[in-house]
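Participant: Quick check, what structure comes out for this input:
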Amino acid sequence: MTAARAIPTFRDPSGSLTLKDDSAVRLIHPAARPAALEFIGSEFYRRMLRRGDIVATRVDDDSAEGLRFLHPRIPVPSYPWEWTPSQWLAAAELTLSLCEEAIAEGWILKDATPLNILFVGPRPVLVDVLSFERRDTGSALWLAYGQYMRTFLLPLVMRRLLGWELSLSLFRRDGYEPAEVYRSLHWRQRLSRAAFWPITLPVWLEQRQRAGGHPALRRSDPDTALRVLQGMLKRLRKRTRFAAAGNAASNWAAYRETRTHYTAQENAQKQEWMGGLLQELQPANVLDIGANTGEFSALAANMGADVVALERDGAAAEILYSMSRECRLSIQTIQADIARPTPAVGWDNGESSGLLTRLEGRFELVLMLAVLHHLLLADQIPLPRIIELCGQLTRRYLVIEWVPVSDPMYQEMMRGRDDLYGSLTEADLLSACAAGFQLLRQTMLGNGRTLFLFEKKR
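Facilitator: Modelled structure (predicted):
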């Protein structure tokens, strides 16, 4: 496994974070030491920790570097540009809920960005323990309000109004400015319920303030300031939910209901074979590539595995995430394309690692069910290169569903390129696997498709 470079963060004035093999090490700057220790020692932090809303922290005050906080590594971190709308909403609601709880406890969030949230299975977790600071009880201002608007709310609004993909946040670390997105909207959209309050009104007020100067900030008594903050967070939650509503449909989201290449009996046969295999192997962690709406991800999770489900279709991934959260299954949804994996981004390509780096060598079992022919025909990836990648992703087992040339789905996707793909057989698959894998078993389904179980050679 190729290790990611551990480049420390550098934007937080209170500390810097470096990722190690088994931990995340946060070095606390001397000026932030008293506040950081006070927060970690507070009942508020311990309450969040018991619920699983915030990352665990072990204090190391004996290091030559100074005070350090040691956090467990999230096995496979995902970034906002790999989330479904419901994941965005879950991360936003966690942020607002923790801020609301914090202000009642005398704290407040000084940062409010999706980049401070990671998912453990279907559950969002706040991983930046330095995001909290003591609140000025006489102030009704939330200084992170603008950041929340730019990074959480406006991407959801622009997805709703103009169909801008949430994956575009890959290029917008600090989100969207209201004036910027205002120019992209028709006047009717500017006056719509979704856009008027978070986009149009701020732009108008900014224009007015440039003409007449900024009003002086006034302080309130503590009770009034608290009520103002609570009311503002309540409205933000309502508007965020409204912006996140409305999901697009796709052919793949309805795949299980509309597939014609599987009879009920053939699908039951596939389920039975996979169920028996999972029961026998008992993998601790599984990568389901092309998971669709999560039929086999759920099967693995119900047998005790921690599952990472990779799906490039947005509507299917949304159903998958909603199912895993509703059923409380240990399935982490990542909306991404294995053929065009998310790249490393940020300064020196070191702030957010690429998808393959995060996945490589972390799974006892990798599933490629009804996905190989998509990579071959739609993405035109050579078969040996696909198997090579599988060898990098799995530590031990690999399951492949082979779709023969005669299959109607294969014929539909081949699109007349018979000279390139029309003669591929199972022998080609076995040949591609021979160097890195040994075949343990196989079974042919009633529709001619074959399921193979391979074990990685040591």
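Participant: residue ranges with poor pLDDT in this structure?
Facilitator: Low-confidence segments of the chain, defined by pLDDT under 70: 1-10, 210-219, 246-262.
Participant: from what I can see Gln189 touches Arg160, true?
Facilitator: No: contact criterion C-beta atoms under 8 Å: Gln189 and Arg160 do not qualify, at 10.0 Å. Any C-beta I mention is one placed from the backbone N, CA and C, and that applies to glycine too.
Participant: roughly how far apart are the spatially closest residue to Leu430 that is not a sequence neighbour and Lys456?
Facilitator: Nearest non-adjacent residue to Leu430, counting by C-beta to C-beta, 6 or more residues apart in numbering: Leu439, 6.6 Å away. Going from Leu439 to Lys456 by C-beta to C-beta, to the nearest Å gives 12 Å.
Participant: So which of those two has more stuff around it?
Facilitator: Lys456 (17 against 13; other C-beta atoms under 10 Å).
Participant: so how many other residues sit close to Gln209?
Facilitator: Per other C-beta under 10 Å, the neighbour tally for Gln209 reads 11.
Participant: could I have the helix or strand containing it exported to CSV, CA atoms only?
Facilitator: If you go by DSSP states H and E, Gln209 is part of helix 201-212. Extracted C-alpha coordinates of helix 201-212, given in CSV (Å, rounded to 0.1, in the frame of the first residue of the first chain):
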residue,chain,number,x,y,z
LEU,A,201,-31.1,39.9,0.2
PRO,A,202,-27.4,39.8,1.2
VAL,A,203,-26.4,41.2,-2.2
TRP,A,204,-28.9,44.1,-1.9
LEU,A,205,-27.7,44.8,1.7
GLU,A,206,-24.1,44.7,0.6
GLN,A,207,-24.8,47.2,-2.1
ARG,A,208,-26.6,49.5,0.3
GLN,A,209,-23.8,49.2,2.9
ARG,A,210,-21.2,50.2,0.3
ALA,A,211,-23.2,53.3,-0.4
GLY,A,212,-23.9,54.3,3.2
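Participant: Pull the distance from that helix to the chain's centre.
Facilitator: Relative to the chain's own centre, helix 201-212 is displaced by 36 Å; criterion: C-alpha atoms, centre = their mean, to the nearest Å.
Participant: Remind me what that helix packs against, helices and strands.
Facilitator: Judged by 3 or more C-beta pairs under 8 Å, 6 or more residues apart in numbering; DSSP states H and E, helix 201-212 is in contact with helix 178-182.
Participant: OK, contacts around the residue nearest to Leu430?
Facilitator: 430, 433, 452-454 (C-beta atoms under 8 Å, 6 or more residues apart in numbering).
Participant: Whichever of these end up buried, select them in ChimeraX.
Facilitator: Entered in ChimeraX, the line below selects the buried ones among the contacts of Leu439, by 16 or more other C-beta atoms under 10 Å:
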select :433,452,453,454
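Participant: Save the contacts of Leu439 as a markdown table, and put in distance to Ser322 too.
Facilitator: Output for the contacts of Leu439, formatted as a markdown table (distance: C-beta to C-beta, whole Å):
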| residue | distance to Ser322 |
| --- | --- |
| Leu430 | 38 |
| Cys433 | 35 |
| Phe452 | 31 |
| Leu453 | 30 |
| Phe454 | 32 |
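Participant: Keep only those of the contacts of Leu439 that are in strands.
Facilitator: 452-454 (DSSP state E).
Participant: Number of residues surrounding the nearest residue to Ile74 once chain neighbours are set aside?
Facilitator: Leaving aside its chain neighbours, Ile74 sits nearest to Leu118 (4.8 Å; criterion: C-beta to C-beta, 6+ apart). If you count neighbours by other C-beta under 10 Å, Leu118 ends up with 20.
Participant: So Leu118: helix, strand or coil?
Facilitator: strand (DSSP: H, G, I helix; E, B strand; the rest coil).
Participant: Ser78 is in contact with that one, correct?
Facilitator: Yes: assessed by C-beta under 8 Å, Leu118 is found in contact with Ser78 at 7.0 Å.
Participant: Quick check: Val366 is in a helix.
Facilitator: No: the assignment for Val366, made by three-state DSSP, is strand rather than a helix.
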